[in-house]
Every structure is written in structure tokens, then in C-alpha cells.
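> model this:
(3 chains)
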Amino acid sequence: MSAPFDSAANMRRERILATVDSIPKGRVSTYGRIAEETGLGRGARQVGAALRDLPRGRNVPWHRVVNAAGQISPRDGDSQARQRKLLEAEGIEFSATGRIDLARFVWPAL
DNA sequence: CTCGTGACTTTGT
DNA sequence: TACAAAGCCACGA
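From the prediction side, this is the model:
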């Protein structure tokens, strides 16, 4: 069994998911922050890719990751609406323009 | 090796 | 506050 289950790219993805998993309920983080915490420097886009490729059934709080503007990043499908629903269910508040006040909800705190 | 791509970020209007 | 442009980084054609 020498399948590339432990390729560098794969391990990097696992570390990203581990960091995302550390975001407490009722809080959010950003792609850039997750990248930094995971030790990827300016690898925010890689964080987005990891969540995009998240296999169904994987238990990770992917919905707690938003962009630096405090908004749910655009994408295809209804995933955006589902993300907002999940966040609101945890007490996250959205402004009239659909923005989250990071000063209040970002993790770790500013 | 060069190019295009993207759940991103920062900077300049 | 909103939008455009440029910067950034890993991947795959």
C-alpha cells in the first residue's frame, strides 16, 4: 500500500483542516489567518482549495471560514446560503450588506 | 519552463 | 463603502 495518501500536498491539506477544526463554535476565522496558523504564510488560496475539495462526510467546521472582508466568499451552488444558515445558527450576526463584524467574531480575537 | 486558474489579500482610486 | 488591479502561491496542462 504505497498510495500517495501522505503526499506533501495531502499532509498540508490535513494540517489546514486541523486548524479549521480548532475554531470554536460561535466564532469565525479567515482564509489568510488559517494559512498563517498552519504555517503556510500567504497561502490563503490553498486554504480555500482544501475546503473546496473537502470530501462529503468529513466532520470539519468549514462554515466558520470567511474572507478578510468578513463576507462569505462567492462560489457555485447553494453552499453560500448553507454556510450563512449554519453561522447564524451559532449566533454569528450579519450586517445588512451581508458582512460579519470580525472585530467581534474573529478567532483568535484581535 | 511558461501559462492559466482559483472558497484569497492588499492597495489604490 | 465599492470596485479594479496587482500581488501571491500551489497545481496541472
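> alpha carbons only for contacts and neighbour counts from here, please
Fine.
> Is DNA strand C within reach of the longest helix seen in chain A?
The longest helix of chain A (DSSP state H) is helix A:8-21. Yes. Residues of helix A:8-21 contacting DNA strand C under C-alpha under 7 Å from any atom of the strand: A:8-10.
> Could you list the residues in contact with that helix?
Identification of contacts with helix A:8-21 by C-alpha atoms under 8 Å, 6 or more residues apart in numbering yields A:34-35, A:37-38, A:47, A:50-51, A:60-62, A:64-65.
> I'd like to know which of the residues you listed are buried.
A:34-35, A:38, A:47, A:50-51, A:60-62, A:64-65 (16 or more other C-alpha atoms under 10 Å).
> Quick check: pLDDT value at the most centrally placed residue in chain A.
With distances taken as C-alpha atoms, centre = their mean, A:Val65 lies nearest the centre of chain A, 2.8 Å away. As predicted, A:Val65 sits at a pLDDT of 98.
> Identify the residues contacting it.
When contacts are counted by C-alpha under 8 Å, 6+ apart, A:Val65 touches A:20, A:28-31, A:72.
> if I pick A:Tyr90, what's in contact with it?
No Tyr there; residue A:90 is Glu. A:25-26.
> That one and DNA strand B: what is the separation?
To DNA strand B, A:Glu90 is 16 Å away according to C-alpha to the nearest atom of the strand, to the nearest Å.
> thinking again about what came up before, filter the contacts of helix A:8-21 down to just the ones in helices.
Among the contacts of helix A:8-21, the ones falling in helices (DSSP H) are A:34-35, A:37-38, A:47, A:50-51.
> Those: which two are farthest apart?
Farthest-apart pair in the ones in helices among the contacts of helix A:8-21 is A:Glu37 and A:Leu51; separation 15.8 Å (C-alpha to C-alpha).
> about what we covered before: of the ones in helices among the contacts of helix A:8-21, which are in range of DNA strand B?
Answer for the ones in helices among the contacts of helix A:8-21 near DNA strand B (C-alpha under 7 Å from any atom of the strand): A:47, A:51.
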